[in-house]
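In: predicted model follows, preceded by the sequence.
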Amino acid sequence: MLKLAIILFLLTPLLGFNHYDPVYKKFTVNDGLAGNETYHVFQDSKGYIWIATNAGVSRFNGYSFKNFDVQSGLVDNIVFEIYEDYKGRIWFIPYSGALCYYEDGKIKPYPYNNKIRQNMPTRSKGPVKMSFCIDSLDNVYLGVKDYGIMHITPEGIFKKFDGVNIEAPVILNEFPNSEILISNPDKPIKQELIIYSSTKTTRFPLKDIFDGINPVYLYAIKTNDSTIYASLDRRIACFINHKLKWVDRKFKGIIWLSVNDEYIITSDLEGGLNLSPLVNQNGLKYKTILKEFQVTSVIKDSEGSYWVSTLNNGILYIPDMHIQTISKKNGLSDNRIKAVYEKDGSLYLGYQMGWVDMVKDGKVEKIQMIKTEGNASFVRYFMGDEANGRIWICSFGHLGYLQNNRYKVIESKKTIYPRKIAKSKKGNYYWVSTAYGIVKVQDNKVVYDSRDDGFSPLVLSIEEDSKGNVWLTTTNGLWKYSNKIFQFMGDENPLLASPGYVLYFNPKDESLWIGTNGAGIVILDKNGKTKQIAQNDGLISNSINTLFAYGDRIWAGTRQGLSIITLHNEGFRIQNLTTNEGLISNDIASLYVNDSNAYIGSLSGLSIVNLNKIKPNLTKPNIYITSIEVADSTYNWTPDGLNIPWDTKYARISYEGLSYKNMGKALYRYRLLGLDSNWVYTSSTQCLYSVLKPGNFTFEVEVQNSNGIWSSPASLSITVNPPYWQRIWFIFLLALTISGFLYLIYYIRMGELKRRNNLINNINLYKQQSLRQQMNPHFIFNTLNSIQYYILEKDTISSHKYLTKFARLMRLTLDNSLHSAIPLRDELESLRLYLELEALRLQGKFTYDIDYQNNESILDIKIPTLMIQPFVENAIWHGIMLKPDKSGRVQITIRDMETSVLCTIEDNGVGRKQAKKIQETTNKAYRSRGFQITQQRIDLLNSMYGQKFNIQIVDLYSHDGTPQGTRVSINIPKGLEST
């Protein structure tokens, strides 16, 4: 075995190591950008990113580009600058100077473009970039090269700045809103640079600051502290309170100048982006990045990320300028960095393929690990041993260390496959985890091998506590080696049975931190109690590749990114870093942290995090509801909300959160208050509600930024209109209609009841009148006289017979009067008694006959009480008794007519006409009212039963016209009920 390997010093300059590039994402036409030739990138007040290109304008929301061109309303497809005014209108400034702006979802032309065209110089070089503004009165100001400043009022009145604004090649006009407009007249009087404001004018000799007298590239920026940075072609100058502080002459040609809270940013005509810390005293001390790109503009967005427009390569998105990367393209031996260590400005990188690089002062010293016994030198781990001046290297097949630029291999009887090394706290010896148990190294020799004791599992990590106990993790969990005994800790706690990749002792409380594969970080305190930090607590993944502790932070590397756990008295706080925040890869393989930087090795290269500059993303992202689709139709809504019909099958709500560090992978949550107050979490930018019941709802949606901070909700009031039959006006109208209908029914019913009651009362009245007519004093007096006569004549039989019939008639009459309808049998019996009494009293002056054809069933049919008797009485007294011979006949016939009963009363009296003449001649006072009363009763009954009663009276005559009597036909309906 080779005991000493020779270091191969392959000195290679590390390209751009001092000014290495950050991670960036490029967007081109392949991603939907309007054009690769981009001139200006801009973020509006809502958070959208706008890009001016040679093929129109693009707007980016983190998911996709929306492009605008001449067909969309642009005046010119070649747009050089974008500007937002105080109203939120987005203005587009093309080379021609003709303006247009974006407002309410549409691009509209500036109404006074004709004024600009009319006054634009024939050989114009176009507008001065960053020299356009609109004040709060809607005055438009436009700086034009070789012309000066155009001013157009809201009424369209054109003016040109004159006076001091045409005296020099460069006049910096300070506006009250901290904007600077550059006047570049075509025929200056003096070779000066003038700074002009409403209160002060300062002049500087142009040759003392800038080279030429006819600059091509002009920029001027004013900061909030009254500092002005101005660049003309190759130089940049700083003015504070109208005094020149410094001039920098390092550039070939400045084609962009901007200032933010971190840097003065310039781009050179030859390419690259120059970043200089924001200082005013000693000029620029800048670093150059992105040298392969010709940069046309730069902005820092609301999340602290940078957007860069380039002349030929689309736009670049830099998540964090303070996370830099180096990789094989910068001169490293490989991208697969498995181990990293830093000491005294030298950075050591161990690779999967066996090399070790030492990076220092912009150069790389490549160290190839020598193969031993045919095994490749797969580097797994570095450990600094400052007390002995060593850097221990665990590689595949052997353990060794670097000291004084020499590499020494540790002697061992058996081949060891080290994975991690830990220095003992009890003496100058080391514990090493290997593929076959553990070994103890002392005096550069292996003095103990656990294989000799029968313990040979794959040990992934190892640490020693202050008591000398050795802790080790294997694929089946945590073990403790104490007093030469191996003890499995997983039997005591299931969490300790989780496979552990890495161990770390927290010196503050002597707790053991275990990075597991699947259970996150398990913490075992000195009392044997465990707790867990997992994804539910904010950890980026539950599978931990590596742990590193520095100060009050523990850094946990996973295959999904990096979690930085900051410990404090109340517990801990977690910040996650991924490629969205600027890491070169999410698959973290190694870590090393010092006071100023964190070095993060991955399989794609090294990320270097500036700990003094990096900040968590605390910016609440903006979120907007973009569209609402209701049953295949897109609805417009107002700030007051949205109204949709009750029979809507579904409502699809689209929204977008502007969280660029999440870049199309943002987490949303939404809810519909009034339906469910619980949040629904999704990564989709739309949600669907189906068959909403009528009512008032409030839709809320929020988006989460890359650091877990939720936005303020975007909300929308939604009213699902009820069907017309559930609306108040319809319910009121329906209630009114029903009430009216019920009232009408009530009114009709009450009228009917009143009418019926009146009819019943009248019927009862006429029935009583009929009763009184039948029992009138004249009839009773005559009957009683007849009875008295028989008594005086001592005709006992006749008087008894007469009296019995009279009593029977009175009883029947009184009984029948209790009912409105009685069986025909009772009516005929009462009628027969009446006829018998009248025949006895009149001593046989008339005869009668009642014929019903022996139809017994007809006798059960009910008819109104006292219906027939009045007509019979009338036949006797107004027909027969008026005959000279006072003799006659009364024929009563009853017939069943299916639906009615036909009753016919026929007499052979004098007839109606003759009776009337006789009564008029004799002036008799007696008049029978029975017929009249009965007729009135029939009229009332017809009102109740629908005109079913019918009375016909026919006068009978002989062949020679002599009256022979009267026939009365009464049609009585069947089905009458007794009351």
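Out: That came through fine.
In: CA atoms for contacts and neighbours, from now on please.
Out: Noted.
In: surely residue 143 touches residue 183?
Out: Yes. With contact defined as Cα atoms under 8 Å, residue 143 counts as touching residue 183 (5.9 Å).
In: common neighbours of these two, please.
Out: residue 149 (Cα atoms under 8 Å, 6 or more residues apart in numbering).
In: which of these two has more residues huddled nearby?
Out: Just comparing residue 143 and residue 183: by other Cα atoms under 10 Å the higher neighbour count belongs to residue 183, 31 against 25.
In: secondary structure class of the more buried one, three-state.
Out: The three-state assignment at residue 183 reads strand, by DSSP: H, G, I helix; E, B strand; the rest coil.
In: below-threshold pLDDT in the stretch 451-600 of the chain: ranges please.
Out: Judged against pLDDT under 70, the stretch 451-600 of the chain has no low-scoring part.
In: what ranges does it have for its strands?
Out: In the stretch 451-600 of the chain, the segments counted as strands under DSSP state E, counting those that start in this stretch are 459-464, 470-474, 477-482, 485-488, 500-506, 511-516, 521-524, 530-533, 544-550, 553-558, 562-568, 571-577, 588-593, 597-602.
In: distance to residue 37 and mean neighbour count for those - can I get that in TSV?
Out: Formatted as TSV, the strands of the stretch 451-600 of the chain follow (distance: least, Cα to Cα, whole Å; neighbours: other Cα atoms under 10 Å):
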stretch	distance to residue 37	mean neighbour count
strand 459-464	52	26
strand 470-474	55	25
strand 477-482	57	20
strand 485-488	64	14
strand 500-506	49	24
strand 511-516	48	26
strand 521-524	48	23
strand 530-533	48	15
strand 544-550	42	21
strand 553-558	39	24
strand 562-568	36	19
strand 571-577	32	16
strand 588-593	36	25
strand 597-602	34	25
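In: kindly reformat those as JSON lines containing distance to residue 694.
Out: Shown next, in JSON lines, are the strands of the stretch 451-600 of the chain (distance: least, Cα to Cα, whole Å):
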{"stretch": "strand 459-464", "distance to residue 694": "62"}
{"stretch": "strand 470-474", "distance to residue 694": "61"}
{"stretch": "strand 477-482", "distance to residue 694": "58"}
{"stretch": "strand 485-488", "distance to residue 694": "64"}
{"stretch": "strand 500-506", "distance to residue 694": "56"}
{"stretch": "strand 511-516", "distance to residue 694": "52"}
{"stretch": "strand 521-524", "distance to residue 694": "50"}
{"stretch": "strand 530-533", "distance to residue 694": "46"}
{"stretch": "strand 544-550", "distance to residue 694": "51"}
{"stretch": "strand 553-558", "distance to residue 694": "50"}
{"stretch": "strand 562-568", "distance to residue 694": "47"}
{"stretch": "strand 571-577", "distance to residue 694": "44"}
{"stretch": "strand 588-593", "distance to residue 694": "53"}
{"stretch": "strand 597-602", "distance to residue 694": "56"}
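In: with respect to residue 859, which of these lies nearest?
Out: strand 530-533 (106.4 Å; Cα to Cα).
In: neighbouring strands - and their directions - for that closest one?
Out: strand 521-524 (antiparallel) (DSSP bridges).
In: hmm, who's touching the partner strand?
Out: Applying Cα under 8 Å, 6+ apart, the external contacts of strand 521-524 come out as 495-496, 511-516, 530-534, 542, 544.
In: mind running it again at 6 Å?
Out: Contacts to strand 521-524, defined as Cα atoms under 6 Å, 6 or more residues apart in numbering, come from residues 511-515, 530-533.
In: doesn't residue 118 belong to a strand?
Out: No. Counting by three-state DSSP, residue 118 is not part of a strand but helix.
In: contacting residues for the closest residue to residue 311 other than its chain neighbours?
Out: Distances taken as Cα to Cα, 6 or more residues apart in numbering place residue 37 nearest to residue 311, at 4.8 Å, with adjacent residues excluded. Shown in contact with residue 37 (Cα under 6 Å, 6+ apart): 53-54, 311-312.
In: go on, residue 38?
Out: Taking Cα under 6 Å, 6+ apart as the criterion, residue 38 is in contact with 52-53, 309-311, 314.
In: adding distance to residue 972, neighbour count and secondary structure, write those residues out as JSON lines.
Out: As requested, those are exported to JSON lines (distance: Cα to Cα, whole Å; neighbours: other Cα atoms under 10 Å; DSSP: H, G, I helix; E, B strand; the rest coil):
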{"residue": "52", "distance to residue 972": "104", "neighbour count": "28", "secondary structure": "strand"}
{"residue": "53", "distance to residue 972": "106", "neighbour count": "27", "secondary structure": "strand"}
{"residue": "309", "distance to residue 972": "110", "neighbour count": "29", "secondary structure": "strand"}
{"residue": "310", "distance to residue 972": "112", "neighbour count": "24", "secondary structure": "strand"}
{"residue": "311", "distance to residue 972": "114", "neighbour count": "19", "secondary structure": "coil"}
{"residue": "314", "distance to residue 972": "108", "neighbour count": "25", "secondary structure": "coil"}
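In: residue 890: which of these is nearest?
Out: When the contacts of residue 38 are compared against residue 890 (criterion: Cα to Cα), the nearest one is residue 52, at 123.9 Å.
In: separation between that closest one and residue 68?
Out: Distance, residue 52 to residue 68, by Cα to Cα, to the nearest Å: 10 Å.
In: do the same with residue 44
Out: For residue 44, the distance to residue 68 (Cα to Cα) stands at 16 Å.
In: same thing with residue 163?
Out: From residue 163 over to residue 68 the distance is 40 Å, taken as Cα to Cα.
In: okay, these two: which has more neighbours?
Out: Under the criterion of other Cα under 10 Å, the comparison of residue 163 against residue 68 puts residue 68 first, with 19 against 7.
In: could you list the low-pLDDT ranges of this protein?
Out: 1-19, 212-214, 279-282, 368-377, 759, 763-778, 923-934, 944-947, 977-979.
In: quick one: neighbours of residue 620, just the number.
Out: Residue 620 has 20 neighbours, counted by other Cα under 10 Å.
In: contacts only, for it.
Out: residue 711.
In: picking up where we left off before, closest to residue 21 out of the strands of the stretch 451-600 of the chain?
Out: Across those, closest to residue 21 is strand 597-602 (Cα to Cα), at 14.9 Å.
In: so how far is the closest one off the chain centroid?
Out: Its chain's C-alpha centre and that of strand 597-602 lie 41 Å apart, by Cα atoms, centre = their mean, to the nearest Å.
In: re the thing from before, take the contacts of residue 38 and lay them out in a markdown table including distance to residue 108.
Out: What follows is the contacts of residue 38, written out as a markdown table (distance: Cα to Cα, whole Å):
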| residue | distance to residue 108 |
| --- | --- |
| 52 | 17 |
| 53 | 18 |
| 309 | 25 |
| 310 | 27 |
| 311 | 27 |
| 314 | 26 |
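In: quick one: which of the residues you listed is nearest residue 320?
Out: residue 309 (16.3 Å).
In: hang on, isn't that closest one packed against residue 318?
Out: No. Counting by Cα atoms under 6 Å, residue 309 stays clear of residue 318, with 11.4 Å between them.
In: backbone dihedrals for residue 960, please?
Out: The phi/psi pair for residue 960 (degrees, to the nearest 10) reads phi -100, psi 10.
In: ok, it - how many residues close by?
Out: Residues near residue 960, counting by other Cα under 10 Å: 6.
In: can you name the residues bridging to residue 461?
Out: Residues in beta-bridge contact with residue 461 (DSSP bridges): residue 473.
In: I'd like the numbering to begin with 13 instead of 1 from here.
Out: Shifting the count to begin at 13 puts that one at residue 473.
In: relative to residue 450, how far out is it?
Out: 10 Å.
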